[in-house]
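Participant: What would the 3D arrangement of this be:
(2 chains)
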Amino acid sequence: MSTVCAQCQVELRQRDVRLRYLGVEFTVGLPACPVCGQVYISEEVAHGRMREVEEMLESK
Amino acid sequence: MDQAELRALEDRCVQDCPPSCTAACPAHLDVRGMMSAVADGRLAEALALVRAAVTLPVAVALTCDQPCRPVCLRGEHGDALMVRAIERACVALPATAPRGRRPPRRRGSVAVVGGGLTGIAAAQELAGKGCRVTLLERTGRLGGGVWSALPQASGTVVVAGAAGSPAAAVEAELAAAVSDVTVSYAEAITAGDLPALRAAHDAVILAFGVDDPGCLATALGSTGPERVSGATEIPGVFAGGSLTRASSGWSAVTSMADGRSLAVSVRRYLEGVSLTAGREGEGAGRSCLHVERSAVESAAAAPPADPQAGYDATEARREAGRCLQCACLECVKACVFLQRYGSYPKQYVRQINNSLILSPGMGYRASKTMIDSCALCGLCAAVCPHDLNMGEVCLDARRELVEKGYMPPAVHDFALHDMAQANGADFSCARHQPGAAASAFAFYPGCQLPASRPGEVRAAYEHLASRLDGGVGLLLGCCGAPAQWAGRESLAAEATAQLRASWETLGRPQLILACPSCQKTLMESAPEIPAVSLWEVLDEVGLPSGCGAAAVAVGGSPVVAVADPCAARDTPAVRAAARHLIARAGFELVELPWSGARTECCGWGGLQVIVDRQLTQATVARRVAEDPHDYVAYCAMCRDLFAGSGKRAWHLVDLLFGGPMFGDPALPGPRLTERQQARARFRRDLLRNAWGEDGDPRAQDDSTQLEISDEMRQKMDDELIGEDDLAAVIAASERSGRRLLDSATGHCLGHARRRLVTLWVEYSPLGQGRFAIHDTYTHRIEILDDEATEGRVGP
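Facilitator: Next up, the predicted model:
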């Protein structure tokens, strides 16, 4: 998927994004709009790496 | 739960108890394991089990008096197993490699008086542990009672792959047993010799049998040796074997086991540790294992073709195959959830408590799905001989996890949100009967049935209102069961308080309940509220005139199987009323194998379907396979889950409030994610039609229309994403303009935080408030520095 930010009409670039789950904050490199900062998380990432992290934090 | 409570709970599961054969065997031979191995053709493994328990396996295999056979449960259905003959087939196996190197010599010299099986077994065990052992035998021949117990026939036996006479085989075994022992064929030891013998050795074992020419028994004192350890009044002198069992007759296995036990006592004595601690279970006893045998078919023993030669491997295999493999596992047989984790409650209780007590974090990871996916239905307790209820164990664990903050909020979020909606403005209400100022009764249909069967619920209400005096009010809401099941006690208490307040608003009427889970929940959480099931009331006040149309529509007097809900397990009156009504509606009724007090949950109970959808599918698959007839359920979730799996299933209201409105048993009910809208629609329609209320204009103001394929609807249901969730994200995305664009497909991708998840929606605007949905997914992790999700959407 060649994804662009619909508002800024620019291609996404990788940037560090702050995430939080169950009170734990961490930073992950994700594609995002270089102008407005809007983040993109694909289904593959959501159901893959993100779910692994969720399960890990749920077991802490 | 403290350790004592935990232990008491574990002890109620008897699956770990040895079967009756093993309990009755003084050596605790694993007869069941031996039979299993032989039946599978694994004779070497069977022999290893024999050797583990029996010191002199050849002598025992040829002469054992088999205390296991009178208690063998196979004996109730055919003949008891031919245990000794099977042992004989095991010891016939060719000899394996010689034993490993000798153990290092350790402190201790021991004199053993008496060369019968007790003395030899004790001597061999102690020599094997490195003691210097002297065996004193007065007759000039080792073996004692074994010689008179040996088969008199002169035939041959095969031992360790070689054929020979029984006497020669035993002789060889005894000779090998004392290969590391100094054997002295001395005169009889007398009571007067004992002090010197004791002085010359670190310990003495007296195992001289029933003949006592030296009057040694006088040395044992008036009370005889201590029961467990065989310790006498003289420190370091132990006694056992036939001399203490003169009245019960000679037994090879008892003598041998006594010898092993005396060896344990001597080792403990030499090491200076307790002689008796932890030895309560030694020796023959009774089994506490529960074994269900009602379905066992009779099977007679198959004697060997050649009785002299005994069983060959094939015959042994057939005979061992008759073993019942005694086990309890009643609950595991009954429950897909308990089968899933490959063990049984004694182990599960320990695992769950380990996770709560020892290492809550990591342990929770190991057992979290187990704790959260039990349906809490109580079938395990109903079939357990000691009423162990895994549902109570799992629910207690959930409550503890919630209390300690270890329960991830997202686990039960969907169900709790669903409950909040049912107790919110969309659904909750309390009304007197139209035109009435008081309510002697109030119909409380629950939160699921109105979503599944709105027309029938309305018809039921109108019927009640027409037949009962004093006014029949209407109460809508959720009883709090989902919060109970999630372990959220304060939320459950809020739901109860809300219901109680509504009930008081109506003047404390008697509630008429259509949902068995509501009934069960309210009996526990609000016992002061008088409540009765809809089915009992209908059975009393009579059925509507159109009743029976469903039966006519499907032709003749159709046969149906009644599927009791798990929540009716303890309410036989409700179950009886349901059966009366089914018959009165013109249906013939058959019972499922699992029904009544032993009925099964559909998987909705305990929120299993929210936590582990696959487990619920397996539970439902088993349930619907029990009978080929259409099912009649009187729980909305049972009905809808059965029908969702392809099983034709009616709800009892379909049969009673028939006519053109009755539900189709083949059609699935609303999906989990469609229930909120369905129950809101029910309320809106009913209040408009019966009370003339216009309702909340907010509800009709929803102008976003979504085009969603069936495949996508299924995905949404699997991931517990509702249509209103999608609409909210799209509305926010369209309003703010913040969305992504796939330049190849032209699809928009919007996302927003929705309750406890971030929801992504891939869609295309179709104009005039309509949108096509292409995909949707969620994750629980929250994106922090992203303006699109900073403003939460919706609740």
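Participant: Run a quick neighbour tally on whatever residue of chain A ends up closest to chain B.
Facilitator: Residue nearest to chain B within chain A: residue A:59 (3.0 Å; Cβ to the nearest Cβ). Where you see a C-beta, it was placed from the backbone N, CA and C, and this is true even at glycine. Applying other Cβ atoms under 10 Å in any protein chain shown, we find 17 residues neighbouring residue A:59.
Participant: Then residue B:90?
Facilitator: 24.
Participant: Check residue A:24 too.
Facilitator: Residue A:24: 12 neighbours (other Cβ under 10 Å).
Participant: What are the boundaries of the strands in chain A?
Facilitator: A:3-5, A:13-21, A:24-32 (DSSP state E).
Participant: so how far is residue B:12 from residue B:704?
Facilitator: Counting by Cβ to Cβ, to the nearest Å, the gap from residue B:704 to residue B:12 is 55 Å.
Participant: now for the strands of chain A, which one comes closest to residue B:623?
Facilitator: Closest of the strands of chain A to residue B:623 is strand A:13-21, at 36.4 Å (criterion: Cβ to Cβ).
Participant: Residue B:149: what's it in contact with?
Facilitator: Residues in contact with residue B:149, defined by Cβ atoms under 8 Å, 6 or more residues apart in numbering or on different chains, are B:63, B:65, B:250, B:252.
Participant: Give me the average confidence score over the lengthiest helix in chain A.
Facilitator: Using DSSP state H, we find that the single longest helix of chain A is helix A:49-58. In this model, helix A:49-58 carries a mean pLDDT of 88.
Participant: contacts for that helix?
Facilitator: For helix A:49-58, the surrounding residues in contact (Cβ under 8 Å, 6+ apart) are A:21-22, A:24, A:26, A:41, B:364-365, B:368, B:408, B:779-781.
Participant: Work out for me the element the nearest residue to residue B:47 once chain neighbours are set aside sits within.
Facilitator: Nearest residue to residue B:47 in three dimensions, chain neighbours excluded: residue B:90, at 4.3 Å (Cβ to Cβ, 6 or more residues apart in numbering or on different chains). According to DSSP states H and E, residue B:90 maps onto helix B:83-91.
Participant: And that helix, what does it pack against?
Facilitator: Using 3 or more Cβ pairs under 8 Å, 6 or more residues apart in numbering or on different chains; DSSP states H and E as the contact test, the elements touching helix B:83-91 are helix B:31-39, helix B:43-53, helix B:57-63, helix B:313-320.
Participant: What mean pLDDT does that helix get?
Facilitator: Here the average pLDDT along helix B:83-91 is 94.
Participant: any idea of the angle that helix forms with helix B:31-39?
Facilitator: 50 degrees (axes from the mean of the first three to the mean of the last three Cα atoms, to 10 degrees).
Participant: What's the first helix or strand after helix B:83-91?
Facilitator: strand B:109-113.
Participant: Note down every partner strand of that following strand and its orientation.
Facilitator: The strands beside strand B:109-113 in its sheet (DSSP bridges) come out as strand B:132-136 (parallel), strand B:203-206 (parallel).
Participant: Show residues contacting the last one.
Facilitator: What it means is strand B:203-206. Contacts for strand B:203-206 (Cβ under 8 Å, 6+ apart): B:108, B:110-114, B:119, B:122, B:194, B:197-198, B:216, B:219-220, B:230, B:232, B:236-240, B:243, B:262-263, B:266, B:269-270.
Participant: Just these: which are in strands?
Facilitator: Using DSSP E, those in strands are B:110-113, B:237-239.
Participant: out of the residues you listed, who's nearest chain A?
Facilitator: Among these, and counting by Cβ to the nearest Cβ, the member closest to chain A is residue B:238, at 52.8 Å.
Participant: can you pull the contacts of the closest one?
Facilitator: B:203-206, B:225, B:229-232, B:262, B:265-266, B:269.
Participant: would JSON lines of those with pLDDT and neighbour count be doable?
Facilitator: Converted to JSON lines, the contacts of residue B:238 look like this (pLDDT from 0 to 100; neighbours: other Cβ atoms under 10 Å in any protein chain shown):
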{"residue": "B:203", "pLDDT": "96", "neighbour count": "22"}
{"residue": "B:204", "pLDDT": "95", "neighbour count": "25"}
{"residue": "B:205", "pLDDT": "95", "neighbour count": "31"}
{"residue": "B:206", "pLDDT": "93", "neighbour count": "31"}
{"residue": "B:225", "pLDDT": "87", "neighbour count": "21"}
{"residue": "B:229", "pLDDT": "92", "neighbour count": "21"}
{"residue": "B:230", "pLDDT": "93", "neighbour count": "27"}
{"residue": "B:231", "pLDDT": "93", "neighbour count": "22"}
{"residue": "B:232", "pLDDT": "91", "neighbour count": "21"}
{"residue": "B:262", "pLDDT": "96", "neighbour count": "31"}
{"residue": "B:265", "pLDDT": "96", "neighbour count": "23"}
{"residue": "B:266", "pLDDT": "96", "neighbour count": "30"}
{"residue": "B:269", "pLDDT": "96", "neighbour count": "21"}
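Participant: would you turn the ones in strands among the contacts of strand B:203-206 into a markdown table with pLDDT and distance to residue B:141?
Facilitator: Formatted as a markdown table, the ones in strands among the contacts of strand B:203-206 follow (pLDDT from 0 to 100; distance: Cβ to Cβ, whole Å):
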| residue | pLDDT | distance to residue B:141 |
| --- | --- | --- |
| B:110 | 96 | 22 |
| B:111 | 95 | 19 |
| B:112 | 96 | 16 |
| B:113 | 94 | 16 |
| B:237 | 93 | 25 |
| B:238 | 94 | 24 |
| B:239 | 92 | 22 |
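Participant: Emit the PyMOL select command for whichever of these are buried.
Facilitator: Listed next is the PyMOL selection for buried residues among the ones in strands among the contacts of strand B:203-206, using 16 or more other Cβ atoms under 10 Å in any protein chain shown:
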select buried, chain B and resi 110+111+112+113+237+238+239
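Participant: returning to what we had before: and the residue nearest to residue B:47, what is it in contact with?
Facilitator: Contacts of residue B:90 by Cβ under 8 Å, 6+ apart are B:34, B:38, B:43, B:46-47, B:50, B:57, B:61, B:316.
Participant: re earlier: hey, which of the strands of chain A is tucked in deepest?
Facilitator: Stretch with highest mean neighbour count among the strands of chain A: strand A:3-5 (a mean of 18; mean count of other Cβ atoms under 10 Å in any protein chain shown).
Participant: Which strands or helices does it pack on?
Facilitator: strand B:740-742.
Participant: can you pull the contacts of the residue of the stretch 501-650 of chain B found nearest chain A?
Facilitator: Closest to chain A within the stretch 501-650 of chain B is residue B:611: 12.4 Å, counting by Cβ to the nearest Cβ. Remark: with contacts taken as Cβ under 8 Å, 6+ apart, residue B:611 is in contact with B:369, B:372-373, B:411-412.
Participant: I'd like to know which of those is nearest to chain A.
Facilitator: Nearest to chain A among the contacts of residue B:611, with distances taken as Cβ to the nearest Cβ, is residue B:411, at 8.1 Å.
Participant: which one is the closest one nearest to, not counting chain neighbours?
Facilitator: Closest to residue B:411 by Cβ to Cβ, 6+ apart is residue B:372, at 5.9 Å.
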